[in-house]
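1. prediction below, plus the sequence it came from.
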Amino acid sequence: MSYHVTLAEIESYLRKAARASGLEWGLAEEAGKAARWLAAFDLPGPETMLAHLQNLAGKDYAAFIPRCDLEPWQAHGGWLCPIVTGAALADRSAAMLDGNELRLGKTAYPILLAATLGQAARFHRCAFTTHWPGLRLDCFGNGLSIEGDRDSLLLAEVDRVSCCKSDATAPQQLASTRAYNIDEDVFKGIEALAFETYAPATEESRAGAGAGLTDND
Amino acid sequence: MSETTDCAANNPMPEAANYRRPPEVVMRLARMGSFHQTRLSFMRALLRRLKQERWRFKRNLWAIDEQGFGRAVYTVYGPERTYSLVAFSHDLPDDMRSDRVIATAWDATFTLFDGIPDEADLDRLELNVPKQEAGRISDSELSLSRANRSVRLWQHVIDRLAAGLQPERDQLEAVGYLVRTTAVYGSGKFGAADRLAISDRPELSGPFQAELLSVWLTRAFSIDLIEHIARARGGEKAAVIEPDLRRRIGVGNSTGLGMAPFLVNHPALLNNWMMAREEAFARVRSLPRAEADAVDEFKRHFERARCNVSQWHSEHPIQIDKLASLNADLEKMAAYIERESLADDHPWDRFYCWAEDNLSLEGQEQLLSLMLEPYGALIDDLAQCMDADEHASFFIDGSMPVAGLLEIVETRCAWALAVDYEQPDNRARFWYTSAEKLEPRVGERFHEPGAEYELPLAIGYAVKRLYAALLAWKGGPTAAEFLLAHPEHRHTVRRVQNLVSHPYAEIQDNLIAADMLPIDILRCKLSFFGATKFDPRSDRWVRICMYQDAPFPHELLEAAT
């Protein structure tokens, strides 16, 4: 069954799901934004983010934090987390404005990484290109261009990724604001993970919230 | 950033900046919890636009039975688009009526439809809107809300009207509304259209315009419904409410903790609301003299405020004290107005400087609202500066030197650094989302389980920890390098950087202190909406009135054919 979920809901649920998966709030916010950004182009951001978060479960995500001083960037855990690495890329995006290329080693779900560059493109008012074997994605502030093999778009892992400022002038596709269609079971998975950030009720919390006086008058 | 820049670039009175109150004065909970509605409030901005643009109005459907149950559609027609309130009225047993968010049934439920709904839309909505959170709406809907009848007033008004009599004025004014909304959702909630989908429409780009349009139409529906029921009961002899008395009927609202984190979670938006309000006040204070008609208008509004405050009741000790102060302040203001000239020598600035020394915060903020009243031509343009492009303020500038971050914290966050968070009272609370209610709540850190679920709303404490980490940092020189090693500070660095372009973005108080009052946050937000008659029911739950004394659709707008 397909379920309509709004972009605001995607951002909110994936932010919480990322938090429940052990990411700090600031990174969880990036995860929510990335999932939303992709869904606005009708790309499976929420589904891919969920798959990646499940991948992180039980692991010490610090092992997948990039060593940005190495060429290419790599993590001692064997692969780079696209959320942490995407945030690090966005934080270093100014370095790409001068034509520098940033190279990454083995990376999980590179499409999630590309999404974080959409935020940077908006800030710098330019476009950034993310390349991996078989695919090139140009991320604009509010648009996207995809060239290459669509099957490569959703790869769970690639051996190398590179990022640089794009010379493209206009996106193929503009972001939509419409609700996104998602498989209901997948959404339930996201919801269940997000729910883990909610505190179970206690006697004190039940007593403390509402009106001290009657609320039916 | 762009939106404030544009407003700043177009500022017709840059000289007023010298009169602007700084964030450390304005962004305090005690002051924010004393705010009153102003002419920049969102309800008033909405009605001004509808009138100026000559919107039209029509009740397009009234399929309500003699008991008062069924569906109705109210449509407003603008220059480019139309919007319809779709209302469903239900048979609700008395014991199921509750304003708590945990309620599952209501007297009436509503959605604001983008356009005019057809029969199929109405059937789809009837399957979902009455369920509220448990239902699902679509991109074609802009809000989802519900309302309960006022038990104190509902039957009284029906009985009187059915007998051909008017409701008792005292009784009606003591309540101020026939129905009370308990939640008005918008912006992508429960399937509704995303905020970005409507943010480029001038009529909805301001904050909460869709939600407040739905509430304004809900008010009209509440009157139509009660008169319809009275007519069914009383037949020919039934009365309708006299126009003058009808104006006294607003829409009530109950608001609890769920709304409080909004202002913390939307720092760019909060900044723009505050900046607009402060800039408006600064423009008025900067005037070297006041024309006689402006002074007269101020005095008219002053007298109206005295009258409104005399009708403003609360049973809560905090608000009882505040109302006593406000009444005393109004008397002092009356004496000042009698004694001093309001004509020359920067009269408004002098008056406010006197108020700072002589009035409580309630009185000072009441005076601010009153001083804005005569100056629509000078300040109403600022209502266009109160939305925010929040996606634009999300980006972290990783190239900023760590020394730059330190400087921002030291120059703009003294309020956070001054608190000793080792004192248990200074971190006695924690904010969390309740799994049972799916709503934000406040817990007692040292007496309740659940602190591991804490939401990142304790900004002051977070800033102080960030500051310590920045001082201890021995790594690379940029924010990017610091954040790679310290992802736990990423959320806070985003907010701290935002303060450079958005100086009024943070509440400069400790949101986890033992003596923090959530109602202060609620009142600030609701005053921006345009609410009146704040009546706290506890330190975390407040009742208000909306649109009391405002014109009705058939009075403000021409009829659509």
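-> That came in fine, so what should we check first? Computed from a predicted structure; not experimentally measured.

2. got the residue ranges for the strands in chain A?
-> Taking DSSP state E to define them, one finds strands in chain A at A:2-5, A:102-104, A:107-108, A:128-132, A:135-139, A:143-148, A:157-158, A:161-165, A:173-174, A:180-183.

3. out of those, which is the most enclosed?
-> Ranked by mean neighbour count under mean count of other Cβ atoms under 10 Å in any protein chain shown, these are led by strand A:107-108, which reaches a mean of 26. Yep, even glycine has a C-beta here, placed from its N, CA and C like the rest.

4. for stretch B:363-380, which residues meet the burial criterion?
-> The neighbour-count check on stretch B:363-380 (16 or more other Cβ atoms under 10 Å in any protein chain shown) flags B:363-375, B:378-380 as buried.

5. residue A:36: which of those residues is nearest?
-> residue B:380 (34.3 Å; Cβ to Cβ).

6. how far away is that closest one from residue B:12?
-> 12 Å (Cβ to Cβ, to the nearest Å).

7. which ones are touching residue 186?
-> Chain wasn't specified; assuming chain A. For residue A:186, the contact set (Cβ atoms under 8 Å, 6 or more residues apart in numbering or on different chains) comprises A:46-47, A:50.

8. meant chain B, my bad for not saying
-> Each residue near residue B:186 by Cβ under 8 Å, 6+ apart is listed here: B:142-144, B:192, B:195, B:208, B:210-211.

9. would you reformat those as CSV and include distance to residue A:69, secondary structure and pLDDT?
-> Converted to CSV, those look like this (distance: Cβ to Cβ, whole Å; DSSP: H, G, I helix; E, B strand; the rest coil; pLDDT from 0 to 100):
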residue, distance to residue A:69, secondary structure, pLDDT
B:142, 49, strand, 98
B:143, 51, strand, 98
B:144, 50, strand, 97
B:192, 46, coil, 97
B:195, 40, helix, 94
B:208, 47, coil, 97
B:210, 49, helix, 98
B:211, 49, helix, 98
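
10. to residue B:550, which of the strands of chain A lies closest?
-> Set against residue B:550 and scored by Cβ to Cβ, those come closest in strand A:2-5, at 35.2 Å.

11. which one of the strands of chain A lies closest to chain B?
-> strand A:2-5 (6.0 Å; Cβ to the nearest Cβ).

12. packing partners of the closest one?
-> Judged by 3 or more Cβ pairs under 8 Å, 6 or more residues apart in numbering or on different chains; DSSP states H and E, the packing partners of strand A:2-5 are strand A:180-183, helix A:184-195.

13. how about the nearest residue to residue B:36, chain neighbours excluded?
-> residue B:369 (4.4 Å; Cβ to Cβ, 6 or more residues apart in numbering or on different chains).

14. where does the chain dip in pLDDT?
-> Using chain A. For chain A, applying pLDDT under 70 flags the ranges A:204-216.

15. ah, no, chain B please
-> By pLDDT under 70, the weakly predicted segments of chain B are B:1-6.

16. switch the cut-off to 50
-> Within chain B, the segments meeting pLDDT under 50 span B:1-5.

17. how's it carved up into domains?
-> B:2-32+B:264-388+B:513-539, B:42-256+B:549-559, B:402-501 (automatic domain parsing).

18. okay, now residue 35: neighbour count?
-> Here I'm looking at chain A. For residue A:35, the neighbour count with other Cβ atoms under 10 Å in any protein chain shown is 32.

19. the intended chain is chain B.
-> Quick note: residue B:35 (other Cβ under 10 Å) scores 26 neighbours.

20. OK, contacts around the closest residue to residue A:158 other than its chain neighbours?
-> Leaving aside its sequence neighbours, residue A:158 sits nearest to residue A:132 (Cβ to Cβ, 6+ apart; 4.4 Å). For residue A:132, the contact set (Cβ under 8 Å, 6+ apart) comprises A:107, A:110, A:152, A:155, A:158, A:160-162.

21. restrict the contacts of residue B:186 to those near chain A?
-> Subset of those in contact with chain A: B:192, B:195, counting by Cβ under 8 Å from any Cβ of the partner chain.

22. just checking, what packs against whichever strand or helix holds residue B:74?
-> Here residue B:74 sits within strand B:70-77, counting by DSSP states H and E. When contacts are defined as 3+ Cβ pairs under 8 Å, 6+ apart, strand B:70-77 packs onto strand B:56-64, strand B:82-89, helix B:119-128, helix B:209-234.
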